[in-house]
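Undergrad: predicted model and sequence follow; I will ask about them next.
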Amino acid sequence: MESNPSTMQEQSPSCLEITMEVHSVVPPPHKSTIQKLKTRLKETLFPDDPFRQFKGQPTKKKWVLAAQYIFPILHWGPNYNLKLFKSDIVSGVTIASLAIPQGISYAKLASLPPIVGLYSSFVPPLVYAVLGSSRDIAVGPVSIASLILGSMLTQQVSPTGDPLLFLQLAFTATFFAGLFQASLGFLRLGFIIDFLSKATLIGFMAGAAIIVSLQQLKSLLGITHFTKKMGFIPVMTSVFHNSQEWSWQTILMGFSFLVFLLVARHVSMRRPKLFWVSAAAPLVCVILSTFLVFAFKAQHHGFSVIGKLQEGLNPPSWNMLQFHGGHLGLSMKTGLVTGIISLTEGIAVGRTFASLMNYKVDGNKEMMAIGLMNIVGSSTSCYVTTGAFSRSAVNHNAGAKTAASNIVMSITVMVTILFLMPLFQYTPNVVLGAIIVSAVVGLIGIPAAYHVWKMDKFDFVVMLCAFFGVIFISVQHGLAIAVAVSIFKILMQITRPKTVLLGKIPGTDIYRDLHHYKESVKIPGFLILSIEAPINFANSTYLNERVLRWIEEYEAEDPKMHSNSSLRFVILEMSTVSTIDTSGVSFFKELKQTMENKGVELVLVNLVGEVMEKLQRSNEAGDFMKPDCLFLTVGEAVATLSATIKSQSSNDV
């Protein structure tokens with residue numbers, strides 16, 4: 001297999017002689033199957049190597065590090081001081097002013113009692129403060145998960161016809177969402193959510209934002225009879241079919257407050273130091289609209305209001321979880337979908353702010369934290385929660401230093417639940433609709449969509465599939481379509497890998513794509529190809545056919561195409577072939593046999609360890625991988641084989 005280092009001469013097309021030292025090709029060091037499996041599992045399940053911090057530490061220190069790893073609050077808690085608390089209390093109170101109206105609004109969006117939204121802004125943040133690793137995430141209900149949960153459950157259960165069953169299913173779906181999320185983190189399977197590509201999420205979020213906004217037309221226009229469907233066409237049909245129910249007073253109030261909220265959001269985006277403007281705007285709208293309704297008795301003149309809300313802390317709800325009956329499948333499916341979406345949003349939010357502030361967020365720990373807070377939440381009258389982008393942005397801009405800001409927010413919400421519930425009795429639903437619309441507008445990422453269009457047209461198609469699927473079919477089906485198209489793209493890349501024809505750049509020993517580097521030239525008698533993908537059962541047949549087609553094209557272009565000696569060597573550059581399977585090994589054997597029948601020699605260059613090892617095992621007879629057909633670089637292969645051709649020509653003469 002080895003060839004001794006020697007000095008070779010190659011005659012290039014420009015008649016320049018280049019001295020080339022040919023290096024030995026050596027087999028990779030031996031590894032047992034157990035060692036390989038251990039390495040593969042470690043890179044799959046523990047890519048961050050969480051156990052490295054325990055190496056070389058005394059037993060007592062290991063226990064401390066383990067406790068800090070499981071409960072991050074033990075890491076920053078002992079060093080907490082008054083300076084940090086001042087920053088956290090400001091940010092905590094600020095996000096509470098946003099969380100209270102949003103919690104009520106999102107609960108209405110999920111067809112749940114408004115008080116459940118406040119419950120969900122009280123307990124889960126406390127759990128996350130103990131288990132979460134991000135200091136910027138602000139926990140609570142989010143619009144997309146609320147919409148999905150409400151829309152999926154209302155397909156089989158009416159929230160008005162059977163409110164108790166609907167509430168039970170919502171808590172049960174939250175439990176399954178948390179169980180799924182925590183399981184992904186515990187089993188180190190977080191890579192599964194990476195199947196939701198950025199393009200998919202952009203299209204999905206934009207479509208869901210439009211659907212959420214369209215749903216608020218019921219409140220903004222004052223319509224009483226409104227469709228329960230989520231699609232664009234049914235909603236718009238319902239809006240114009242019930243135009244006689246439109247109320248100009250409701251429209252005036254709703255769009256006035258909506259404009260106010262959008263202006264406040266714009267001001268905060270243009271000047272981040274004025275973050276408090278957009279943070280306080282929803283609460284200001286709630287207070288002002290409630291006062292107007294109460295002062296003018298507007299509830300008697302067509303304005304729909306929240307009504308009396310229950311006072312007191314979260315009642316236990318573990319006895320309401322339904323693990324049997326005909327709706328168990330619905331709860332599990334709803335929990336799975338909402339769990340994936342909320343987990344994806346939470347992880348994305350955490351990573352975004354961690355990169356801005358130059359600290360690390362452990363994805364698997366975040367999954368366990370979000371999952372456990374939803375499991376606990378399902379037993380304390382809460383529905384699906386995660387890290388909300390709008391609240392987290394406010395939390396970050398307000399100067400949050402630790403997760404204690406979530407504790408401050410939770411305490412503020414607790415005070416509201418205990419003592420301030422009567423103040424929301426006259427809050428009009430139209431203002432809640434305006435708050436939701438202003439919150440989801442930021443999910444429509446037009447600049448991001450334009451960037452996807454510029455970078456990758458296929459990704460843009462995936463994005464459009466998610467967008468139009470959500471708008472015209474349903475939220476969950478739109479997401480499923482986008483994921484299916486993304487998987488189809490991956491399958492196309494796997495089953496139809498790219499092969500590139502290489503040529504030499506004159507005056508160098510560098511070989512590059514002929515179509516990319518126009519100055520590169522072909523070497524007479526050589527067909528040099530680069531395979532840019534792993535070789536497996538899915539693409540081995542295609543690669544065999546593609547290489548043979550390259551040979552046919554080469555011979556068709558060669559003026560000596562009727563001469564079998566025109567093409568002497570086919571060189572496969574293998575640096576990007578990271579792995580092969582048994583079908584890949586068969587591909588090389590069949591290709592070599594085909595080459596021999598044509599009088600052409602197959603040469604392999606730059607084999608990586610695993611590929612070389614498997615090819616060696618298949619070469620027991622010694623007739624497959626010959627030492628003089630293995631090289632480290634294309635340059636060494638061409639130099640050596642060119643010298644061989646010259647030597648043979650001299651002998652013939």
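TA: Okay, I see it. Numbering: from 1, shown residues only.
Undergrad: strands along the chain, start to end?
TA: In the chain, the segments counted as strands under DSSP state E are 7-11, 17-21, 139-140, 386-387, 499-504, 511-513, 526-531, 569-573, 601-605, 630-631.
Undergrad: columns mean neighbour count and distance to Met368 on top of those, output as CSV?
TA: For the C-beta atoms, the positions are set from N, CA and C on the backbone; glycine is no exception. Output for the strands of the chain, formatted as CSV (neighbours: other Cβ atoms under 10 Å; distance: least, Cβ to Cβ, whole Å):
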stretch, mean neighbour count, distance to Met368
strand 7-11, 16, 58
strand 17-21, 13, 54
strand 139-140, 34, 14
strand 386-387, 31, 13
strand 499-504, 20, 43
strand 511-513, 18, 45
strand 526-531, 22, 40
strand 569-573, 23, 44
strand 601-605, 22, 46
strand 630-631, 23, 48
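Undergrad: these into a markdown table, with extra columns for distance to Ser540 and mean pLDDT?
TA: What follows is the strands of the chain, written out as a markdown table (distance: least, Cβ to Cβ, whole Å; pLDDT from 0 to 100):
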| stretch | distance to Ser540 | mean pLDDT |
| --- | --- | --- |
| strand 7-11 | 32 | 41 |
| strand 17-21 | 32 | 53 |
| strand 139-140 | 49 | 94 |
| strand 386-387 | 43 | 92 |
| strand 499-504 | 13 | 90 |
| strand 511-513 | 23 | 89 |
| strand 526-531 | 11 | 92 |
| strand 569-573 | 13 | 92 |
| strand 601-605 | 15 | 90 |
| strand 630-631 | 20 | 87 |
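Undergrad: quick check: which of these is nearest to Lys592?
TA: strand 601-605 (4.7 Å; Cβ to Cβ).
Undergrad: give me the sheet partners of the closest one and which way each runs.
TA: strand 569-573 (parallel), strand 630-631 (parallel) (DSSP bridges).
Undergrad: ok so, going back, could the strands of the chain go into CSV alongside distance to Leu292?
TA: CSV is the format used below for the strands of the chain (distance: least, Cβ to Cβ, whole Å):
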stretch, distance to Leu292
strand 7-11, 88
strand 17-21, 86
strand 139-140, 27
strand 386-387, 34
strand 499-504, 69
strand 511-513, 69
strand 526-531, 70
strand 569-573, 74
strand 601-605, 78
strand 630-631, 82
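Undergrad: for Val483, find the nearest of those strands.
TA: strand 386-387 (19.2 Å).
Undergrad: can you list the strands that the closest one pairs with?
TA: strand 139-140 (antiparallel).
Undergrad: so how far is stretch 128-138 off the chain centroid?
TA: Offset of stretch 128-138 from its chain centre (Cα atoms, centre = their mean, to the nearest Å): 20 Å.
Undergrad: which stretches of this protein have low pLDDT?
TA: Along the chain, segments meeting pLDDT under 70 span 1-21, 23-29, 36, 40-50, 558-565, 620-624, 648-653.
Undergrad: thinking again about what came up before, so which of the strands of the chain is nearest Ala99?
TA: strand 139-140 (5.1 Å).
Undergrad: now do Lys55 against Ile70, distance only.
TA: Here Lys55 is placed at a distance of 18 Å from Ile70 (Cβ to Cβ, to the nearest Å).
Undergrad: higher neighbour count, those two?
TA: Ile70 (12 against 8; other Cβ atoms under 10 Å).
Undergrad: mind naming the longest helix for this structure?
TA: helix 328-357 (DSSP state H).
Undergrad: if we can go back for a sec, for the strands of the chain, which one sits closest to Leu82?
TA: The nearest among the strands of the chain, by Cβ to Cβ, is strand 139-140 at 24.4 Å.
Undergrad: what's in contact with that closest one?
TA: Strand 139-140 is contacted from outside by 99, 102-103, 120-121, 124-125, 128, 132, 373, 385-388, 391, 406, using Cβ atoms under 8 Å, 6 or more residues apart in numbering.
Undergrad: show me which of those residues are buried.
TA: 99, 102-103, 120-121, 124-125, 128, 132, 373, 385-388, 391, 406 (16 or more other Cβ atoms under 10 Å).
Undergrad: keep only those of these that are in helices.
TA: Using DSSP H, these in helices are Ala99, Gln102, Gly103, Pro124, Pro125, Tyr128, Met373, Arg391, Asn406.
Undergrad: in stretch 162-172, what's buried?
TA: Leu165, Phe166, Leu167, Gln168, Leu169, Ala170, Phe171, Thr172.
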